[in-house]
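J.: what shape does this take:
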Amino acid sequence: LRTVLVEASTASWEFWFGLLETYHTREGDCLVPTAHKEEDYNLGQWVAVQRTSIRGCELSDERKKKLDTLGFVLNPHDYFWLKSYEKLEKFNRRVGHCRVPKDYEEDGLKLGDWVDRQRQNKSSLSKEWSDKLENLGGWYWNKYEYDWERGLKELLTFVKDNGHSRTPDNYSTKQGFQLGRWVRNRRTDFINSTLTPEKIQVLEGLAGWAWNALDWQWDHAFALVKEFVGRERHALVPTKAIAADGTKIGQWVGVQRSNKASGRLSNERVLRLDSIGFIWDKFNYEWEQGFSYLKAYHAREGDCLVPSAHKEDGFSLGQWVSVQRSTKASGQISEDKGQRLEALGFVWNTLEHAWEKGFDHLKIYHAREGDCLVPSTHKEDGFRLGGWVGKQRSAKFNGKLSAERENRLKQLGFMWTTRARPKTK
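T.: From the prediction side, this is the model:
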């Protein structure tokens with residue numbers, strides 16, 4: 001009956017209030033969207049009219065009180081702002097700052113978007129609201145400036161702890177701040193000319209700061225290699241060499257050789273490396289070094305028969321000599337190197353050389369004694385000829401003596417079975 005009467009007399013205020021009560025019961029508030037209809041009645045428009053009437057003092061106190069019982073909101077914008085602020089307060093209490101991620105939601109509110117809008121609209125915010133935001137711990141208006149101050153603070157701590165500002169690319173602080181990325185971003189800002197002169201000056205004043213990280217890494221490794229050369233008095237950096245700060249200078253040296261070979265090393269860097277005696281061809285350098293030690297050994301000993309374990313002034317010459325023989329056997333030694341070694345009397349086959357040496361001593365013994373019946377303990381000019389003769393008989397017996405050697409011994413009157421020497425009268 002009420003609805004019929006209202007429709008017949010353009011709906012009384014009480015009727016509309018009843019619709020608002022229905023909305024409130026269902027939604028929990030009186031924040032009716034302007035275009036909303038309740039039972040096909042434009043309730044949103046009616047609510048807007050009530051706000052206008054209140055502001056113009058045209059609504060009776062009785063009706064205002066009735067609206068207040070439903071929690072009627074005179075200014076929805078203010079209401080929504082305060083509700084959003086309450087969610088920011090909640091976020092702040094929980095995490096201790098106001099760095100809300102862009103896509104973050106708090107109780108259904110896109111809080112990240114709301115916070116960004118407050119910063120963008122700073123000039124149009126009331127002083128009351130601005131003060132409320134600024135009173136929150138960790139609030140900032142300019143995200144870039146805040147990020148700058150926070151990053152600089154973390155970088156200064158890093159410098160204090162490490163003595164330099166060279167943060168690894170993926171470095172994060174214990175609190176989770178991605179300092180390595182922050183440093184990269186500042187270098188990008190510098191390239192894009194978006195850093196102020198004051199900020200540039202601050203960064204350049206930090207120990208070890210460099211705008212180009214790759215250039216700095218090269219210069220740093222170069223300084224460490226130069227230090228190695230000064231300390232060790234040679235530039236042959238071991239492949240696995242690591243500097244005190246963890247820089248793998250051995251690997252770095254290898255990269256420089258590869259870059260030069262492929263034409264990727266600048267002339268300026270080549271000259272800098274040349275200035276410290278950098279070794280471009282490691283293999284050839286090591287060969288020349290070994291050959292130099294071999295000449296010194298030959299000058300002292302008269303031959304190149306270096307014992308395998310022998311070291312010459314700390315250099316493993318015995319091993320180097322063995323490598324030359326292996327390289328010759330596999331056909332990998334250059335003609336020039338082979339000729340230089342042979343000119344020094346280098347022996348390629350030590351077993352062959354030892355046999356020939358024993359045979360030469362046997363010929364001397366035969367010329368003097370008239371036979372090859374060498375006593376087992378006999379030494380000929382320091383050479384254990386008796387033992388050598390015994391080995392030839394054993395080799396013959398075991399089928400390990402070549403026909404060529406057997407024939408040479410036979411021509412010298414070698415006896416394969418021993419017998420007593422005839423006594424002289």
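
J.: how about stretch 177-184, which residues are buried there?
T.: Across stretch 177-184, burial judged by 16 or more other C-beta atoms under 10 Å covers 177, 178, 179, 180, 182, 183. For glycine as for every other residue, the C-beta is placed from the backbone atoms N, C-alpha and C.

J.: what would those residues look like in JSON lines with secondary structure and pLDDT?
T.: Formatted as JSON lines, those follow (DSSP: H, G, I helix; E, B strand; the rest coil; pLDDT from 0 to 100):
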{"residue": "177", "secondary structure": "coil", "pLDDT": "91"}
{"residue": "178", "secondary structure": "coil", "pLDDT": "93"}
{"residue": "179", "secondary structure": "helix", "pLDDT": "95"}
{"residue": "180", "secondary structure": "helix", "pLDDT": "92"}
{"residue": "182", "secondary structure": "helix", "pLDDT": "94"}
{"residue": "183", "secondary structure": "helix", "pLDDT": "94"}
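
J.: for these, work out which two are farthest apart.
T.: Distances among the buried residues of stretch 177-184 were taken as C-beta to C-beta; the most separated pair is 177 and 183, at 11.3 Å.

J.: now do the shared contacts for those two.
T.: residue 151 (C-beta atoms under 8 Å, 6 or more residues apart in numbering).

J.: can you give me the strands in the stretch 1-150 of the chain?
T.: Under the criterion DSSP state E, counting those that start in this stretch, the stretch 1-150 of the chain contains no strands.

J.: got any ranges where this protein has weak pLDDT?
T.: 1-11, 419-425 (pLDDT under 70).

J.: residue nearest the centroid of it?
T.: Among the residues of the chain, the one closest to the centroid is residue 168, at 7.4 Å (C-alpha atoms, centre = their mean).

J.: let me see the contact set for the closest residue to that residue other than its chain neighbours.
T.: Distances taken as C-beta to C-beta, 6 or more residues apart in numbering place residue 180 nearest to residue 168, at 5.5 Å, with adjacent residues excluded. Taking C-beta under 8 Å, 6+ apart, we find residue 180 in contact with 167, 168, 169, 170, 171, 172.

J.: kindly report the same for residue 32.
T.: Residue 32 touches 20, 23, 38, 43, 44, 47, counting by C-beta under 8 Å, 6+ apart.

J.: of those residues, which is the most crowded?
T.: residue 47 (24 neighbours; other C-beta atoms under 10 Å).

J.: gap between that residue and residue 75?
T.: 12 Å (C-beta to C-beta, to the nearest Å).

J.: go on, residue 292?
T.: 94 Å.

J.: same check on residue 371?
T.: Residue 371 is 133 Å from residue 75, by C-beta to C-beta.

J.: ok, residue 392 next?
T.: Distance from residue 392 to residue 75, by C-beta to C-beta: 119 Å.

J.: between the two, which one's more packed in?
T.: Counted by other C-beta under 10 Å, residue 392 and residue 75 do not tie: residue 392 has more neighbours, with 21 against 11.

J.: what's the local residue count around residue 261?
T.: Neighbours of residue 261 (other C-beta under 10 Å): 11.

J.: contacts only, for it.
T.: With C-beta under 8 Å, 6+ apart, residue 261 has no contacts at all.

J.: what's the distance between it and residue 235?
T.: 17 Å.

J.: and what of residue 165?
T.: In terms of C-beta to C-beta, residue 165 sits 30 Å off from residue 235.

J.: check which helix or strand residue 159 maps to.
T.: Element membership for residue 159, per DSSP states H and E: helix 143-162.

J.: which strands or helices does that helix pack on?
T.: Using 3 or more C-beta pairs under 8 Å, 6 or more residues apart in numbering; DSSP states H and E, the elements in contact with helix 143-162 are helix 179-191.

J.: against residue 140, how distant is residue 94?
T.: From residue 94 to residue 140 the distance is 18 Å (C-beta to C-beta).

J.: swap in residue 334?
T.: From residue 334 to residue 140 the distance is 70 Å (C-beta to C-beta).

J.: repeat that for residue 257.
T.: Residue 257 is 51 Å from residue 140, by C-beta to C-beta.

J.: go on, residue 399?
T.: In terms of C-beta to C-beta, residue 399 sits 95 Å off from residue 140.

J.: between those two, which one's more packed in?
T.: residue 140 (18 against 6).

J.: that one against residue 98, yeah?
T.: Yes. If you go by C-beta atoms under 8 Å, residue 140 and residue 98 touch, sitting 7.1 Å apart.

J.: buried set for stretch 47-55?
T.: In stretch 47-55, counting by 16+ other C-beta under 10 Å, buried: 47, 50, 51.

J.: nearest residue to the first one in space, please, no chain neighbours.
T.: Okay, so that is residue 47. Going by C-beta to C-beta, 6+ apart, residue 47 has residue 32 as its nearest residue, at 4.6 Å.

J.: distance of that neighbour relative to residue 78?
T.: Applying C-beta to C-beta to residue 32 and residue 78 gives a distance of 16 Å.

J.: repeat that for residue 163.
T.: Taking C-beta to C-beta, one finds residue 163 at 54 Å from residue 78.

J.: same deal with residue 318?
T.: 93 Å.

J.: residue 403 too?
T.: Taking C-beta to C-beta, one finds residue 403 at 116 Å from residue 78.

J.: counting neighbours, go ahead and name the busier of these two.
T.: Set residue 403 next to residue 78 and count neighbours by other C-beta under 10 Å: residue 78 wins out with 13 against 7.

J.: the helices in the stretch 101-250 of the chain, which residues?
T.: 111-120, 127-134, 143-162, 179-191, 197-204, 213-232, 249-261 (DSSP state H, counting those that start in this stretch).

J.: among those helices, which comes closest to residue 61?
T.: helix 127-134 (27.1 Å).

J.: how far off centre is that closest one?
T.: 46 Å (C-alpha atoms, centre = their mean, to the nearest Å).

J.: and the angle from that helix to helix 111-120?
T.: Counting by axes from the mean of the first three to the mean of the last three C-alpha atoms, to 10 degrees, helix 127-134 lies at 130 degrees to helix 111-120.

J.: next, the buried residues of stretch 261-270.
T.: 265, 269.

J.: now that stretch - C-alpha only, PDB.
T.: Extracted as PDB, the C-alpha positions of stretch 261-270 are listed here (Å, rounded to 0.1, in the frame of the first residue of the first chain):
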ATOM      1  CA  ALA A 261      94.500 -13.300 -31.000                       C
ATOM      2  CA  SER A 262      90.900 -12.600 -32.200                       C
ATOM      3  CA  GLY A 263      91.600  -8.900 -32.600                       C
ATOM      4  CA  ARG A 264      89.300  -7.800 -29.800                       C
ATOM      5  CA  LEU A 265      91.900  -6.200 -27.600                       C
ATOM      6  CA  SER A 266      92.500  -2.500 -28.100                       C
ATOM      7  CA  ASN A 267      96.000  -1.200 -29.000                       C
ATOM      8  CA  GLU A 268      96.000   0.800 -25.800                       C
ATOM      9  CA  ARG A 269      95.500  -2.300 -23.700                       C
ATOM     10  CA  VAL A 270      98.100  -4.200 -25.700                       C
END
